[in-house]
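In: Mind folding the following:
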Amino acid sequence: MNRQTVAKPIKRSNLRLFLGKQYFTLRRHMLFLKSGTKYSKQSVSSLPYVCFTHETPLLRNLKDLDMYLQYNKITNLKIAVKKVSGVYEKDHIMQLEF
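Out: You can find the predicted model right below:
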């Protein structure tokens, strides 16, 4: 069996890691804005069929977890549903080339 060794990553300074992350994030956003493609739109009526559903109990008794975190989860989900309600993804996939 022939094993190849993988080179260890180069140690980068915290400043370089931060600036690199900012650069690539900004680059991705600029490509997104430049493309002008709309990836979602408001839905006026309901869609003709359901592709996927999922139901999870909102309150569960978990070991070493305070119940107030469970109630915070419910509050966050309510806020998210208000913002996402009526939005659906178009049937194509965004492809970015770097």
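
In: what helix or strand does F24 sit in?
Out: helix 14-35 (DSSP states H and E).

In: What is that helix packed up against?
Out: For helix 14-35, there is no helix or strand it packs on, judged by 3 or more C-beta pairs under 8 Å, 6 or more residues apart in numbering; DSSP states H and E. C-beta coordinates here come from the backbone N, C-alpha and C atoms, glycine included.

In: Quick check: closest non-adjacent residue to L58.
Out: Counting by C-beta to C-beta, 6 or more residues apart in numbering, L58 lies nearest to I74, which is 5.3 Å off, once chain neighbours are set aside.

In: Can you name the residues that contact L77?
Out: L58 (C-beta atoms under 8 Å, 6 or more residues apart in numbering).

In: any idea how far it lies from K21?
Out: Using C-beta to C-beta, to the nearest Å, one gets 29 Å for the distance from L77 to K21.

In: Same question for T75.
Out: From T75 to K21 the distance is 30 Å (C-beta to C-beta).

In: for L58, same thing?
Out: 34 Å.

In: Kindly report the same for K11.
Out: 16 Å.

In: Compare the two (neighbour count), which wins?
Out: K21 (10 against 6; other C-beta atoms under 10 Å).

In: Contacts only, for G20.
Out: R12.

In: so the residue nearest to L58, which of the three states?
Out: helix (DSSP: H, G, I helix; E, B strand; the rest coil).

In: In the protein, mark out all the helices, start to finish.
Out: With DSSP state H, the ranges of helices along the chain come out as 14-35, 67-84.

In: In CSV: the ones you listed, plus mean pLDDT and distance to T5.
Out: Shown next, in CSV, are the helices of the chain (pLDDT from 0 to 100; distance: least, C-beta to C-beta, whole Å):
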stretch, mean pLDDT, distance to T5
helix 14-35, 93, 25
helix 67-84, 83, 44
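
In: Make JSON lines from those helices and add distance to A7 to it.
Out: Converted to JSON lines, the helices of the chain look like this (distance: least, C-beta to C-beta, whole Å):
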{"stretch": "helix 14-35", "distance to A7": "18"}
{"stretch": "helix 67-84", "distance to A7": "42"}
